[in-house]
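# pasting the sequence and the predicted model now:
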Amino acid sequence: MAAYDPSGVPDMSEDPTDTNTEPQSEAPTASDGGDDQSDYDPSSFTYANGDQRPTSQPRSQPPAEQQKPRTVGGFIVEDSSDDEEDADTNTNMGGGGHVTLASEPLQDSAAAPPQPLADSLNGSTSSASASAFPSVSVPPVSSSATNGDAAQQAFAPATALPTPSDVSAPIGDEGKVFGSAILPAAAATRTKAEGMPATPKPTTNGNTAPPAAPVPAVTQRLPHDKVGRLEDRIKEDPKADVAAWWELIQHYREKDQAENARRVFDRMLEVWPTSPIIYSQYLALDNESFDQQRNHIEQLFAGSLPHIPSLALWTAYLDYLRRVFPLIPDPQGTNRATIVQAFEAVLNAVGNDPESAALWRDYIDFMKSGAGVVGGSGWQDQQKADLVRKAYQRAIKVPSGAVMALWKEYDAFEMTLNKAQGRKVLQEMSPHYMTARTAEKQLQQVTDGLDRKIVPTLPPLEGCDGDDAFAAQVQRWRGWIEWEKSDPLVLKDEDMAAFRSRVTFAYKQATMFLRFWPRIWAEAAEWCESQLPPDEELTKQSEAFLDDGLKANPESLLLTLKKAERVEEGMQTGNVSEDVAIANGDVLEAVFEPCHKALYALHKQLGGRREKSVAEVKEYFAALPSEEEAEPAQRNEDDDDDRSDAGDSPAIAKPKTRQEQMQERIKAIQNAYKLDAKVMMKTISALWIAKIRAFRRIQGQGKPNHPRKGSRGIFGDARPRGQLTSDVYAAAALLEHHCYKDPAASKIFERGLRLFPLDEGFAVEYIRFLINSNDLVNARVVFETTVSKIMAAPEEKVGGSEEKKGMCRLLVGFMHGFESRYGELAQVRKLEGRMKDLLPAGEPEGQSMQDIWAERFAMGGFDAVGVQLVLSPTQIRPKALAPLQTMMMSGQQMGLPPPPLVDQGDPGAMRLGPNGPYMASPKRPFEDDGTEADTPRKFMRAESPLKSAAGRRAGQGGHAATNSTSGLGPGVPGTITTTIGSSGFMTKNFVPNTSPMAPQQEGMPPAGPVPLPPQVSLVLQVIPHAASWNSVVFDPMKMVALLRGVDVERARLGL
């Protein structure tokens, strides 16, 4: 029996797309006896279709005689009460559906070697030994099985512990034995022996592919099978389900199974090879057994530090060296020299990190701990002072969080040694410190919110859950990169290498945490390549960004095409030899092929997820209790009662059966996956088109099945692999037409039209090609044929009537544009009539047809039919002045005073009435009920504060008019008259100066013109005084006349 694969239960279902199956059968051998049922009882299972499978299994040798154990649900159980209860539970788990039970594997799916049987499946140590279970030999696979079936032997159901020569079968926590795959695996190995139809092996380019083990529709894990459930989650979505990885590692660590945890870490590093948090946790696990794992720790450092500029990792490396090379005792000073070199390497790698304050502090303290005394006169003392000074000067140039504290320490350090010399040195270093301190504050704001303690995840699609958070992180990373590019430390003029190093460091940090976002890799490579003058180190870094990005995102067309262009630019093209052209093609093929494989694998996974979703729906409905339908007679009576009660009301809709509900859900799932499959096919086709054009440039036209493929050879490779849209055929045909004037273009178009008869986009390209070839007869034939096929196609292929109309509108619109320019008027009118029938539902017919008619006379985007010509200057009067001038002109013609300039809608403005403003009482607000004309004036009450001693004094001598004040405020001149009677009542009247009732004072000129609007007044206040102008002076009258004659509409259209 082959080894168990814990990565998941194999696919035992048949390929739904392969329908060319032929039944193959073999007669069962004479050795098919009843002893087979003692190990495995498939008769106790109910299949999805309700059939009972044969219980016999062909064998090449009869098994040894043994006592027949008791089986429940196909499992061997022990004679205990607990096992009986569990067996009953397992028996009831079928529910008539296609269910697969899988126990937890002995090891994780990292291909671990078998461990002793004492280890249980979820990582715990079991006290049960192999002798505690009955020894039953595993029946061999029938010799009639094919080689392809032999791959499935590892997943045959295990009925008991095998012999020591075989791999251990999974064991439950309670000591019971469960099968790794109960039914489908065994059924797959007995396909030919039982006369069941066998799935033929798929072929690829004429070669028979190895048989793939189908996966059962739904795999159910037992409740205690924690490892199995986590492994299923990891297998389902390894890049997105990060929590499942950590839970699996934590589970193994709780069970003291460090080796299993290390295997999971190794698998994680295959997915995230540049994740600092994974390496940090991995190192923490190895540090728990430091003496045994010292070599492995060094291997982890060697594999991570060269390409991961992580502050945490490099700090851990420094701590490891300080632990391995102790300073006490160190008589020769070799260990200290090693640590100093390590500090230099760490600072060069991650010294620019915004969070490196602790590292710089540690570095300076380490330098201070060296031999010698700062301030001493010996050579060792002076050497120490020089090293400490150098460390301080490096640290204060870096915008870290400790730059201010380090500057104060450095100031004290220099002043302690020599005040005169210290002042001079501090004066020289002060500009660097001030620049670093300012930059540190800015950098802290820029990097605030960056999450650098997570494992990279897949970017969500726009509009889906998590897109806002991911977009915010991307924005912050780009902000940091742009901040570094702005050179806030002023390094371009003094140290270009340091400037480039800081920008490259920011890009590396971004690519570590945005690993699955291809655009950041492309931006990093583009920046490195664009630097002038070219630098060899940056060129290598640019290539590294592209290569690492393609490893992380092999399905990315962005990175693949960027890499292909880089490779093509370095090739020798033109009139080259056959060998050089073939070699160029091989190099370019190595760039495109990984992306092809990744995209086709994703398309296959998409189909698998669709089938799994459909199977889950079917299983759900199969597990429901059977429907109980009423007797026909009773149902008829109920229907009569309903009809009699309803009267003339519409009939009540009959509820959907479960079969109809299931089909409805399945259809919804298929429609959703159909959209994703369409996007995937377009992506694959776009890659093939780019590859065809690239090979045409380096190898020419070429030919299929030839080392020098060229464009034709790549097109020939694309067709058998499938998942192509009509765009590939159109691109290949147009390439043949434009580059080689080859008649093969027509043949490719004809072939594409047979493959895509309902593709309106391809039909338009074909019609355009025929028109350019002056083949108008065939162009019209293709047009009419395609429209007829679309309208006659069933809804399953193109959708309903609205979808059909939308497809035909594209074709009819293209032909209408051609016929309106080069055809006859009768043909144009006929097409417009057809377009009228194709209008969407609810769209106004008149407006739409008018727009269609106007398109016939359009000229380069200019609507000659709908343009509005300027016939009078009044048509182009600005909106800001037109209402005011209109009001003034109409008022003068009617002999009325100008309207008040006070905003009546402003609640704080004074309300003007027939005789002046309304005055509100100081004790209550003004009550405006909208009927001022019908409501009498309200006077102040006798208790008003105005009736006071001052009021009585002001009112002595009868009625008196006080002095008038001019204006209500800026821009509102007028006269306010206050009258106080002897009884203490006061009234105020306001009359604007522009009113005919305004009093004319002697020696005063008449009222002036109406004030300018506030907007114009604001502009005049902003404009400098005319006396300050010392250049050419324009005549105001001529300028006004010029502006008045400007045709704004014609200027906008560029006429």
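Looks like it arrived, so ask away. Numbering: from 1, shown residues only.
# count the neighbours of T539 for me.
For T539, the tally of surrounding residues (other CB atoms under 10 Å) stands at 13. C-beta here means a position set from N, CA and C on the backbone, and glycine is covered the same way.
# I'd say it and P533 touch.
No - the pair T539 / P533 is not scored as a contact, 11.4 Å apart, by CB atoms under 8 Å.
# surely P1024 is in a helix?
No - with DSSP: H, G, I helix; E, B strand; the rest coil as the criterion, P1024 is assigned coil and is not in a helix.
# can you start the count at 44 instead of 1 from here on
From this message on, residue numbering opens at 44, which makes the last subject P1067.
# any idea how far it is from L1086?
Here P1067 is placed at a distance of 20 Å from L1086 (CB to CB, to the nearest Å).
# now W570
Separation of W570 from L1086 (CB to CB) stands at 48 Å.
# same question for L819.
Separation of L819 from L1086 (CB to CB): 53 Å.
# same question for G419.
Look at G419 and L1086: by CB to CB, they are 84 Å apart.
# again, but for S353
S353 sits at a distance of 65 Å from L1086 (criterion: CB to CB).
# what of V307?
77 Å.
# ok, the two, which is more surrounded?
For the pair V307 and L1086, the greater number of neighbours falls to V307 (24 against 9), based on other CB under 10 Å.
# how about stretch 593-602, which residues are buried there?
For stretch 593-602, the buried set under the neighbour-count rule, 16 or more other CB atoms under 10 Å, comprises 593, 595-600, 602.
# one more: stretch 497-516?
Taking 16+ other CB under 10 Å as the basis for neighbour counts, the residues of stretch 497-516 that come out buried are 498-500, 502, 513, 516.
# same thing with stretch 613-624?
Counting neighbours by 16+ other CB under 10 Å, the buried set in stretch 613-624 is 614, 624.
# if we can go back for a sec, give me the subset of the buried residues of stretch 593-602 lying in helices.
Mapping the buried residues of stretch 593-602 onto helices (DSSP state H) picks out 593, 595, 600, 602.
# in a markdown table: the residues you listed, plus distance to L882.
Listed next are these as a markdown table, based on distance: CB to CB, whole Å:
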| residue | distance to L882 |
| --- | --- |
| L593 | 48 |
| A595 | 49 |
| L600 | 37 |
| L602 | 44 |
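# adding pLDDT and distance to P1079, write the residues you listed out as TSV.
TSV is the format used below for these (pLDDT from 0 to 100; distance: CB to CB, whole Å):
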residue	pLDDT	distance to P1079
L593	96	68
A595	96	68
L600	96	62
L602	96	63
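# show me which pair in those is furthest apart.
Of all pairs drawn from those, the one with the largest separation by CB to CB is A595 and L600; the distance is 14.4 Å.
# neighbours around the nearest residue to K594 once chain neighbours are set aside, how many?
Nearest non-adjacent residue to K594, counting by CB to CB, 6 or more residues apart in numbering: P316, 7.8 Å away. Counted by other CB under 10 Å, the residues lying close to P316 total 17.
# and what about P316, helix, strand or coil?
For P316, the secondary-structure state derived from three-state DSSP is coil.
# now the chain, which segments are flagged as low pLDDT?
44-262, 670-696, 885, 888-890, 923-1051, 1096-1098 (pLDDT under 70).
# quick one, strands of it?
Using DSSP state E, the strands assigned to the chain run over residues 65-66, 114-115, 118-119, 143-145, 240-241, 246-247, 250-251, 262-264, 1003-1004, 1008-1009, 1017-1023, 1029-1035.
# longest helix in the chain, by residue count?
As far as residue count goes, and with DSSP H defining each element, the longest helix of the chain is helix 621-666.
# does anything pack onto it? Which helices or strands?
helix 600-612, helix 701-742 (3 or more CB pairs under 8 Å, 6 or more residues apart in numbering; DSSP states H and E).
# make CSV from those and add distance to V270 to it.
Written out in CSV, the entries for the helices and strands packed on helix 621-666 read as follows (distance: least, CB to CB, whole Å):
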stretch, distance to V270
helix 600-612, 36
helix 701-742, 30
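# most tightly packed of those helices?
For the helices and strands packed on helix 621-666, the largest average neighbour count (mean count of other CB atoms under 10 Å) is found in helix 600-612, namely a mean of 18.
# and that one, what does it pack against?
Packed against helix 600-612, as judged by 3+ CB pairs under 8 Å, 6+ apart, are the following elements: helix 561-573, helix 579-595, helix 621-666, helix 701-742.
# give me the contacts around that helix.
If you take CB atoms under 8 Å, 6 or more residues apart in numbering as the criterion, helix 600-612 is touched by 561-562, 564-565, 568-569, 586, 589-590, 592-593, 596, 630-631, 634-635, 637-638, 726, 729-730, 733, 737, 740-741.
# circling back to that earlier point, which one of the buried residues of stretch 497-516 sits closest to G522?
Q516 (10.5 Å).
# please determine how far that closest one is located from G509.
10 Å.
# do the same with A901
From A901 across to G509, the span is 45 Å (CB to CB).
# what of S318?
For S318, the distance to G509 - CB to CB - is 19 Å.
# likewise L593?
Distance of L593 to G509, given as CB to CB: 25 Å.
# try L868
Using CB to CB, which is the criterion applied here, L868 is 58 Å from G509.
# now do P750
Using CB to CB, one gets 48 Å for the distance from P750 to G509.
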